[in-house]
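Colleague: A predicted structure for the sequence below; I have some questions about it.
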Amino acid sequence: MTAAEILLERIQREGSIDGEVVKVDRFLNHMVDPELLDILADDLAKRFVNCGISKIITAETSGIMLALAVAAKLHVPFIYAKKKRPITMPEYFAAASYSFTKQESTTLYVSREVLTAADRVLFIDDFFARGSTLKAMEEIISQSGAELIGAAVIINKSERPDIQSILTRDDLIPG
């Protein structure tokens with residue numbers, strides 16, 4: 001079975017789809033099945049293996065597990081943008097992001113020490129819906145002078161074809 005088939009089966013068996021809300025709390029973004037995560041990470045990493053990625057970036061919190069797994073497969077470090085700036089981060093890049101799931105706006109911070117103009121960056125997240133997180137990451141990457149090579153998510157709920165994903169909105173709609 002492909003990663004997409006495995007994930008779709010898990011959603012049908014243990015998750016739910018209610019309009020735009022895809023509930024995957026029992027195996028992906030509350031309780032995590034590491035074997036499933038490994039399968040998903042392997043699928044996404046293979047798509048970028050020859051792209052010269054030097055770092056992976058995600059936002060705190062939901063993208064961290066996938067970013068770590070993909071980074072391990074690509075043998076590169078990963079950065080997660082923090083929602084609160086610690087005192088140990090005096091110099092930083094920052095951008096605002098709005099979470100439709102949590103219904104709140106937040107500022108994301110990345111230390112200037114970890115993202116440089118020499119980096120070729122892959123954005124990773126669990127879902128892509130309206131693009132607020134990616135927009136914030138694009139702004140941070142631009143501030144640093146780094147290059148965004150691509151974006152990959154587990155589930156793309158938008159119609160953007162440039163977002164690599166395991167499943168798309170069309171895959172989730174029966175019939």
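Modeller: That came in fine, so what should we check first?
Colleague: C-alpha from now on. contacts and neighbour counts both.
Modeller: Fine.
Colleague: avg pLDDT for the biggest helix by length in the chain?
Modeller: For the chain, the helix that runs over the most residues, judged by DSSP state H, is helix 34-48. For helix 34-48, mean pLDDT is 98.
Colleague: Neighbouring strands - and their directions - for the helix or strand following it?
Modeller: Per DSSP states H and E, the first helix or strand lying C-terminal to helix 34-48 is strand 55-59. Strand 55-59 has its sheet partners listed here by DSSP bridges as strand 78-81 (parallel), strand 120-128 (parallel).
Colleague: helices or strands next to the very next helix or strand once past the shortest one in the packing?
Modeller: Past strand 78-81, further along toward the C-terminus, the next helix or strand under DSSP H and E is strand 92-99. Judged by 3 or more C-alpha pairs under 8 Å, 6 or more residues apart in numbering; DSSP states H and E, strand 92-99 is in contact with strand 104-111, helix 132-144.
Colleague: Just name the most buried of the ones you listed.
Modeller: Stretch with highest mean neighbour count among these: helix 132-144 (a mean of 20; mean count of other C-alpha atoms under 10 Å).
Colleague: next helix or strand past that one?
Modeller: Sequence-wise, the next helix or strand downstream of helix 132-144 (DSSP H and E) is strand 147-156.
Colleague: Who does the helix or strand following that next one pair with, and is each partner parallel or antiparallel?
Modeller: Using DSSP H and E, the helix or strand that follows strand 147-156 towards the C-terminus is strand 163-168. Strand 163-168 sits in its sheet next to strand 147-156 (parallel), going by DSSP bridges.
Colleague: Nothing else from me, thank you.
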